[in-house]
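K.L.:
Turn this into a model:
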Amino acid sequence: MELGVVVTAPDGPSTFAFTFLAKQEVGVGQFVMVRVPQGVAFGVITEIFITNRYFASPEIVRGFDSGVSLSSAFPTGQWECTLAKVQFLGVESGEGLDRVLSPPSPGERVLDVPPERLF
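P.N.:
As a prediction, the model looks like this:
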């Protein structure tokens with residue numbers, strides 16, 4: 001099942017971790033998989049963030065703090081996004097897991113790990 005898509009973040013994607021935009025509810029500790037140049041890589045969600053571009057600037061939020069809500073002036077609810085940070089466990093190999101040598105590309109689909117693929 002598709003959980004989301006890899007996005008570019010200040011720290012990656014890298015060979016240690018990546019961030020993805022969640023298209024549905026996800027949780028810390030959940031196992032995921034993503035395609036990398038070596039094959040299929042497995043990871044675990046370590047952090048979840050909620051972002052909203054309308055609330056990214058303290059100056060804008062402060063400016064609307066004087067009686068008028070930001071939500072009444074702009075469609076803030078439409079811009080809320082859930083991001084999940086994933087730490088790699090390794091790339092699937094014939095003998096278990098190998099180290100990830102190349103990160104996933106932004107735009108790559110992130111999938112839930114089916115129970116039969118868990119070790």
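K.L.:
all contacts plus neighbour counts: C-alpha atoms, from now on.
P.N.:
Will do.
K.L.:
all helices for the chain, in order.
P.N.:
Ranges of helices in the chain, per DSSP state H, are 58-63, 70-73.
K.L.:
Could you point out which residue ranges in the protein have low pLDDT?
P.N.:
Applying pLDDT under 70 to the chain flags the ranges 54-78, 119.
K.L.:
Spatially central residue in it, please.
P.N.:
residue 20 (2.2 Å; Cα atoms, centre = their mean).
K.L.:
In space, what's closest to that residue - neighbours in sequence excluded?
P.N.:
residue 6 (4.1 Å; Cα to Cα, 6 or more residues apart in numbering).
K.L.:
Which residues are in contact with the one you found?
P.N.:
By Cα atoms under 8 Å, 6 or more residues apart in numbering, residue 6 lies in contact with 13, 18, 19, 20, 21, 104, 105, 106, 107, 108, 109, 110.
K.L.:
Which members of those are classed as buried?
P.N.:
Buried by 16 or more other Cα atoms under 10 Å: 13, 18, 19, 20, 21, 104, 105, 106, 109, 110, out of the contacts of residue 6.
K.L.:
how deep is the residue lying closest to the third one once chain neighbours are set aside tucked in, by neighbour count?
P.N.:
Which is residue 19. Distances taken as Cα to Cα, 6+ apart place residue 85 nearest to residue 19, at 4.4 Å, with adjacent residues excluded. Neighbours of residue 85 under the rule other Cα atoms under 10 Å: 21.
K.L.:
follow-up on the earlier one: could you check the distance from the residue nearest to residue 20 over to residue 48?
P.N.:
Note on residue 6: its distance to residue 48, by Cα to Cα, to the nearest Å, is 14 Å.
K.L.:
Over to residue 9?
P.N.:
13 Å.
K.L.:
higher neighbour count, those two?
P.N.:
residue 48 (18 against 14).
K.L.:
wait, that one sits on residue 82?
P.N.:
Yes: taking Cα atoms under 8 Å as the definition, residue 48 is a contact partner of residue 82 at 7.0 Å.
K.L.:
Report the beta-bridge partner residues of the closest residue to residue 17 other than its chain neighbours.
P.N.:
Of all residues beyond its chain neighbours, the one nearest residue 17 is residue 87 (4.4 Å), with distances taken as Cα to Cα, 6+ apart. Going by DSSP bridges, residue 87 is paired in beta bridges with residue 17, residue 44.
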